[in-house]
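S.K.: Need the 3D shape of this:
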Amino acid sequence: MHLQCRCICRLQRLHKRNSSSQIYCSAWAPHYVPARGHHGDRSLLERVQHRFTRMVPGMKQLSYHTRLAQLGLWTLEERRHRADLLEVFRLYKGLSLTPFCRYFRLSHVNNTRGHSAKVLKNHCSLDLRRFFFSVRVIDRWNSLSQHVIDC
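M.R.: Have a look, this model is predicted:
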């Protein structure tokens, strides 16, 4: 992991700001988005991203979130949310080998706001169950608009 970071640093010295963020995104960012329970992995990856954004010329004095915005990068949590929603979309549209009904049940209530593909949310009392993919993504999926679902 540190070897990849050092390679990115060397390449960054040779290139401009935009190309260095592209190198970071292609070499490091998409490979691993840790689950909620893996705090050590998440903090380690966030520190790598934090360190990378500080090495970009002219950005050391800016805050972390400002650097991310200017480089067009997302935090680990934002990437995780996006990956979850994309996976549910693939399941819903049948683009995955796993059927949608294996993880979710559609709501048959017709008077809901938002879109027509609302997912029923089951009650779970265990903390462990709340962080499962099939439970943690329901609120974000149900809050999407109809035109997003129809794509």
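
S.K.: got a list of what Val135 touches?
M.R.: Residues in contact with Val135 (C-beta atoms under 8 Å, 6 or more residues apart in numbering) are 121-122, 124, 129. Quick note: C-beta positions are derived from backbone N, CA and C, even for glycine.

S.K.: Now, those residues that are in helices?
M.R.: The helices, defined by DSSP state H, take in Arg129 from these.

S.K.: Widest-spaced pair of the contacts of Val135?
M.R.: Lys121 and Arg129 (11.9 Å; C-beta to C-beta).

S.K.: how about low-confidence regions in the chain?
M.R.: Residue ranges of the chain with pLDDT under 70: 1-40, 112.

S.K.: Helices of that one, residue ranges please.
M.R.: Using DSSP H, the helices of the chain run over residues 2-14, 17-27, 39-55, 64-71, 76-93, 127-130, 133-136, 138-142, 146-149.

S.K.: can you list the domain ranges for the protein.
M.R.: Following automatic domain parsing, one finds the domains of the chain at 2-73, 79-149.

S.K.: Ser107: neighbouring residues, count only.
M.R.: Close neighbours of Ser107, defined as other C-beta atoms under 10 Å, add up to 14.

S.K.: Need the nearest residue in space to it, chain neighbours excluded.
M.R.: Take Ser107 and drop its neighbours on the chain: the residue closest to it by C-beta to C-beta, 6 or more residues apart in numbering is Lys118, 4.2 Å away.
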